[in-house]
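> whatever this is, show me its structure:
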Amino acid sequence: MTLPFSQSCENNKLVILEVLERHFKAPGALIEIAGGTGQHAQFLSAALPHVQWQSSDIPGNVELLNQRLKAAELPLALPFDVTQETFDYPQVDYVFSANCLHIMPATAVVDFFRHMKTLLKLGGLLCVYGPFKYKGEFTSPSNANFDLWLKGNNPLSGIRDFETVCELAANAGLELIEDNAMPANNQLLVWKKIH
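Numbering: from 1, shown residues only. This is a model prediction of the structure:
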């Protein structure tokens, strides 16, 4: 059986791991939002065996995601759409999401951070990987083109403003502790739940 595959996941998994290794040091539970093909879950959970990795995705994507998770003998993914009102899941120490915020509608980004109020433990960490704009400006011409491509597929998607997501995070009790520049004009943002 051919498993779902994303070249961008393959390209970025090592640089993502370098950041996660610095922050996900203590044993703890993690939920991944928008697990996609499962490549991050498979690679990162193996590299961070002290972290209990639980992947999730919107209900329509769970079956695809579970193909790789099942083959890797990992816990099967949970259906989770950030636009749902509540998510009946125990609080976790870590939340990870890659290439997600620019795909979902802007209103869903608000919901994403709203869930951090109840999902993430006090002192817990949220790591989000993807492209962002700063002060309304793209970090590269390729990101500007990517934003046009995203909006061509779905007018509600698009590269998010760094300042906007930081404000949403602050409203959820999170403090930005790192903004890591990554290859291919991406960032890996790290927040800590402080209240």
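
> show me where this protein has its helices.
Per DSSP state H, the chain carries helices over the ranges 7-23, 39-47, 59-71, 106-119, 141-153, 162-171.

> need the winner for burial among these.
Of all these, helix 39-47 has the most neighbours on average by mean count of other CB atoms under 10 Å, namely a mean of 20. Heads up, the C-betas are built off the backbone N, CA and C, glycines and all.

> what angle do the strand ranked longest in the chain and helix 7-23 make?
Taking DSSP state E as the criterion, the chain has its longest strand at strand 120-130. Inter-element angle recorded for strand 120-130 and helix 7-23: 140 degrees (by axes from the mean of the first three to the mean of the last three CA atoms, to 10 degrees).

> can you pull the contacts of Ile33?
Residues near Ile33 by CB atoms under 8 Å, 6 or more residues apart in numbering: 56-57, 80, 82, 95-97, 100, 112.

> quick one on the thing from earlier: list the buried ones in the longest strand of the chain?
Neighbour counts over strand 120-130 (16 or more other CB atoms under 10 Å) mark 120, 124-130 as buried.

> how about these in a markdown table, adding distance to Glu163 and pLDDT?
What follows is these, written out as a markdown table (distance: CB to CB, whole Å; pLDDT from 0 to 100):
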| residue | distance to Glu163 | pLDDT |
| --- | --- | --- |
| Leu120 | 21 | 98 |
| Gly124 | 23 | 98 |
| Leu125 | 21 | 98 |
| Leu126 | 17 | 98 |
| Cys127 | 19 | 98 |
| Val128 | 14 | 98 |
| Tyr129 | 18 | 98 |
| Gly130 | 15 | 98 |
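
> can you tell me which of those residues is nearest Gln52?
The nearest member of the buried residues of strand 120-130 to Gln52, counting by CB to CB, is Gly124 at 13.3 Å.

> residues contacting that closest one?
Contact analysis of Gly124 by CB under 8 Å, 6+ apart lists 28, 91-95, 192-193.
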